[in-house]
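1. Any chance you could fold what I've pasted below:
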Amino acid sequence: MIKVKLNNGAVKEIERGGNLTTLAKSISGRLYKEAVAGEVNGKVVGLTTELHDNDEVNILKFEDEKGADVYRHTAAHIMAYAIKRLYKDVKLAIGPSIENGFYYDFDLSHKLSENDFNKIEEEMKKIIKEEHPIEKFELERGKAIKLMEEKGEKYKVELINDLPEEAIISFYKMGDFVDLCAGPHLPNTKMVKSIKLMSIAGAYWKGDEKREMLTRIYATAFPKQSMLQDYLEFLEEAKRRDHRKLGKELKLFAIMEEGPGFPFMLPMGMILKNKIIDFWKDIHSKSGYVEVETPIILNRHLWETSGHWDHYRENMYALKIDDEDYAIKPMSCPGGMLVYKSEVHSYRDFPIRMAELGRVHRHELSGALHGLMRVRSFVQDDAHIFMLPEQIKDEIIGVIRLIEEIYSAFGFQYNIKLSTRPEDSIGSIEDWDMAECALKEALDQIGKEYVINEGDGAFYGPKIDFDLKDSLGRTWQCGTIQLDFQLPQRFDLNYIGKDGEKHRPIVIHRAIYGSIERFMGILIEHFEGKFPVWISPVQVKVLPISEKYKEYCDSVVSKLKENGIRVEIDNRAEKIGYKIREARNERVPYIIIAGEKESEEGVVSLRSRENGEEGSVSINKFIDRIIQEIEEKK
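-> Okay, the predicted model is just below:
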């Protein structure tokens with residue numbers, strides 16, 4: 001017998017030679033049915049992996065992110081097998097699992113389209129029913145290349161050649177299908193239950209536009225048909241809420257072919273954007289921040305000092321001015337360092353909370369652009385807090401509370417990740433350890449739950465990331481707090497301490513919205529365009545029943561405007577039913593209708609987006625109601 005330690009701390013005995021399947025079965029019948037993979041000593045492995053004495057083991061189910069990856073990676077191999085059966089000349093590229101699914105890239109003479117999906121799905125179902133064991137084997141480099149050359153798999157040969165000389169190359173086999181793969185996989189094709197091919201696209205080999213254009217098929221897989229159906233319904237709902245579609249319908253923004261990735265804000269979009277910014281400015285002023293503005297273009301020397309020229313150059317737009325290299329700023333941090341250096345500081349000045357709504361530009365590949373969610377130019381709500389070492393924890397806690405206050409105003413819940421030192425980090429290990437420790441202590445003191453995101457920090461410091469959860473359960477990374485010991489050194493920032501000597505300040509970089517434009521996109525989808533009254537571009541729509549009542553309606557509009565309420569009137573010679581439908585489609589929170597009865601009695605007929613028809617109300621009573629909603633940010 002051997003003993004293994006489970007992730008809950010329990011110790012379990014199983015027979016020597018047993019594997020993860022054996023272990024799952026000994027724990028419970030349900031776990032045995034739901035297990036898809038496992039972690040042994042921190043490494044994700046297949047269920048057939050033999051266990052040894054003192055192994056630390058975690059059984060993975062589909063509900064676990066790593067378990068879903070294994071499940072869908074196996075489904076990707078099944079899809080590749082099906083394509084191989086159907087199209088004999090196909091050459092395979094890569095087929096990873098991705099969020100909510102997987103894809104595989106193919107090179108073949110037949111021009112695949114969505115019309116082929118049913119045929120491919122049927123072939124996949126055949127393979128699943130054939131219950132092929134999925135078996136791993138390894139070859140040394142020369143034999144691995146020979147095997148792939150014999151099968152005509154030139155892309156696999158290239159992948160092998162990219163691996164280190166001493167690498168042992170692993171393959172997975174199901175039936176007569178063999179694929180180069182690091183794994184792991186499910187033990188058998190029969191474990192894949194519900195599959196669905198989703199879409200088709202072109203993809204350059206290795207993302208290089210100078211290389212071959214391949215056909216990419218996106219698909220998904222679930223262990224239950226009901227889960228697949230739920231996912232498809234979720235996609236339909238997400239499609240209905242797509243901010244690009246709603247942005248066009250509600251006349252909020254536009255993406256023009258003259259500027260891909262550079263959004264145009266339309267009048268209604270500017271109202272929404274300004275309301276978001278006004279709220280940001282108000283709450284920052286109350287929290288002791290001062291606002292600055294730094295230039296969009298700065299010279300190469302600055303970006304070399306900050307480290308961006310070496311670590312971020314491929315994402316920056318460069319230009320020459322007077323024969324000198326300049327770059328359009330991808331972030332506002334270096335400019336903020338120069339603002340700090342513009343005067344001498346004493347320890348008594350700290351903390352200095354300096355905020356900036358800075359326009360930044362980052363080069364994104366055209367294929368990655370997506371409405372307001374992924375753009376090349378956006379406004380970042382940046383801030384830099386300069387402080388003493390003993391102020392670190394309190395300032396981090398203060399930022400967390402500020403973030404919580406802003407997110408709660410929009411009704412968002414969020415998750416927190418602590419991202420640690422990446423491979424391309426700058427600075428000493430000691431500084432990094434100190435910074436990571438400070439972030440952990442702040443989160444622990446304020447009682448916030450968080451997960452560790454290993455190796456995903458910024459190159460100059462660790463960070464806390466805030467992932468918003470929207471009404472569909474999707475998460476969006478927006479807010480971030482980055483503790484930085486590096487830029488103060490690179491820019492030689494100093495302050496005069498109590499001892500009269502020069503000392504180095506500590507800097508917190510932080511953003512809350514992240515990108516104003518992206519945050520707008522999230523809001524559009526979160527609320528399905530039905531914005532809370534306080535940020536709605538139009539809060540009230542006034543509809544005269546006919547031309548005769550225009551004068552009365554104009555007086556209502558004037559009174560609303562006098563009270564700071566954003567109102568529009570629809571004076572078109574259209575039937576009232578049509579105008580009501582139009583206003584509802586515009587998702588206006590309140591619709592006021594006035595005709596003979598209303599004008600005579602000095603009231604309005606009120607319809608609200610939330611309650612529907614509410615009957616007659618006095619205009620003063622309605623104004624009190626909507627002002628209260630705006631002030632309370634309901």
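2. Need the residues that contact stretch 576-594.
-> 249-250, 528-533, 536, 538-545, 549, 552-553, 556, 570, 572, 604-610, 622, 626 (C-beta atoms under 8 Å, 6 or more residues apart in numbering). C-beta: built from backbone N, CA, C; applies to glycine.
3. what about it, average pLDDT?
-> Averaged over stretch 576-594, pLDDT sits at 95.
4. May I have the distance across that stretch, first residue to last?
-> 10 Å (C-alpha to C-alpha, to the nearest Å).
5. buried set for it?
-> Using 16 or more other C-beta atoms under 10 Å as the test for burial, stretch 576-594 gives 579-580, 582-583, 586-594.
6. Mind picking the two most distant members of those?
-> Arg587 and Ala594 (21.2 Å; C-beta to C-beta).
7. most centrally placed residue in this structure?
-> Trp476 (3.8 Å; C-alpha atoms, centre = their mean).
8. Now do the contacts for the closest residue to it other than its chain neighbours.
-> Once flanking residues are discounted, Trp476 sits nearest to Leu468: 4.7 Å by C-beta to C-beta, 6 or more residues apart in numbering. Listed by C-beta under 8 Å, 6+ apart, the contact set of Leu468 reads Tyr407, Phe412, Gln413, Tyr414, Thr475, Trp476, Gln477, Cys478, Gly479, Ile522.
9. Could you export these as CSV, including secondary structure, distance to His384 and pLDDT?
-> Converted to CSV, the contacts of Leu468 look like this (DSSP: H, G, I helix; E, B strand; the rest coil; distance: C-beta to C-beta, whole Å; pLDDT from 0 to 100):
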residue, secondary structure, distance to His384, pLDDT
Tyr407, helix, 21, 94
Phe412, coil, 24, 91
Gln413, strand, 27, 89
Tyr414, strand, 22, 90
Thr475, strand, 26, 88
Trp476, strand, 23, 89
Gln477, strand, 20, 87
Cys478, strand, 18, 92
Gly479, strand, 15, 91
Ile522, helix, 24, 94
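10. Contact partners for the residue nearest to the centre of the chain?
-> Asp467, Leu468, Asp470, Arg518, Ile522.
11. how does it look with 7 Å?
-> Asp467, Leu468, Asp470, Ile522 (C-beta atoms under 7 Å, 6 or more residues apart in numbering).
12. need the helices for the stretch 101-250 of the chain, in chain order.
-> 117-129, 141-150, 154-162, 225-240, 243-249 (DSSP state H, counting those that start in this stretch).
13. what's the longest one packed up against?
-> In terms of contacts (3 or more C-beta pairs under 7 Å, 6 or more residues apart in numbering; DSSP states H and E), helix 225-240 is packed against strand 194-204, strand 213-222.
14. what do you get for the second one?
-> Contact partners of helix 141-150 among helices and strands, from 3+ C-beta pairs under 7 Å, 6+ apart: helix 154-162.
15. The helix it packs on - what's its average pLDDT?
-> Per-residue scores along helix 154-162 average to 94.
16. Buried residues, it. List them.
-> Buried residues in helix 154-162 (16+ other C-beta under 10 Å): Tyr155, Lys156, Val157, Leu159, Ile160.
17. Which ChimeraX command selects the buried ones in the contacts of Leu468?
-> To isolate the buried ones among the contacts of Leu468 in ChimeraX, judged by 16+ other C-beta under 10 Å, type:
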select :407,412,414,476,478,479,522
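18. before we move on, the earlier item: now intersect the buried residues of stretch 576-594 with the strands, please.
-> When DSSP state E defines the strands, the subset of those inside them is Tyr590, Ile591, Ile592, Ile593, Ala594.
19. Switch those over to a markdown table; also include distance to Ile27.
-> Compiled in a markdown table, those are given as follows (distance: C-beta to C-beta, whole Å):
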| residue | distance to Ile27 |
| --- | --- |
| Tyr590 | 57 |
| Ile591 | 59 |
| Ile592 | 64 |
| Ile593 | 65 |
| Ala594 | 69 |
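20. Can I take it that Asn8 is in a strand?
-> No - using DSSP: H, G, I helix; E, B strand; the rest coil, the assignment for Asn8 is coil, not a strand.
21. next one: phi and psi at it?
-> phi -90, psi 10 (degrees, to the nearest 10).
22. thinking again about what came up before, out of the contacts of Leu468, give me the two with the largest separation.
-> Gln413 and Gln477 (14.1 Å).
23. which residues sit in contact with Tyr81?
-> Taking C-beta under 7 Å, 6+ apart, one finds Ile127, Met174, Phe177 in contact with Tyr81.
24. on that earlier part again, quick one: closest of the helices of the stretch 101-250 of the chain to Tyr460.
-> helix 154-162 (30.0 Å).
25. For that closest one, give me every contacting residue.
-> Here helix 154-162 has contacts from Lys91, Leu92, Ala93, Arg141, Ala144, Ile145, Met148, Glu149, Ile169, Leu180, Trp205, using C-beta under 7 Å, 6+ apart.
26. how far away is the fourth one from Ile169?
-> When distances are taken as C-beta to C-beta, to the nearest Å, Arg141 and Ile169 turn out to be 6 Å apart.
27. out of these two, which sits in the more crowded spot?
-> Ile169 (22 against 16; other C-beta atoms under 10 Å).
28. The nearest residue to the more buried one once chain neighbours are set aside and Leu163: what is the separation?
-> The spatially closest residue to Ile169, leaving aside those adjacent along the chain, is Ala144, at 3.7 Å (C-beta to C-beta, 6+ apart). Separation of Ala144 from Leu163 (C-beta to C-beta) stands at 9 Å.
29. Quick check: neighbours shared by these two?
-> Ile169.
30. okay, those two: which has more neighbours?
-> Taking neighbours as other C-beta under 10 Å, Ala144 and Leu163 compare with Ala144 leading, 22 against 14.
31. low pLDDT regions in the stretch 1-150 of the chain?
-> For the stretch 1-150 of the chain, no stretch has pLDDT under 70.
32. contacting residues for Leu86?
-> Contacts of Leu86 by C-beta under 7 Å, 6+ apart are Lys119, Ile120, Glu123.
33. Near Val344, how many other residues are there?
-> Val344, neighbours per other C-beta under 10 Å, totals 10.
34. Grab the nearest non-local neighbour of it.
-> Using C-beta to C-beta, 6+ apart, the nearest residue to Val344 is Ile496, at 7.0 Å.
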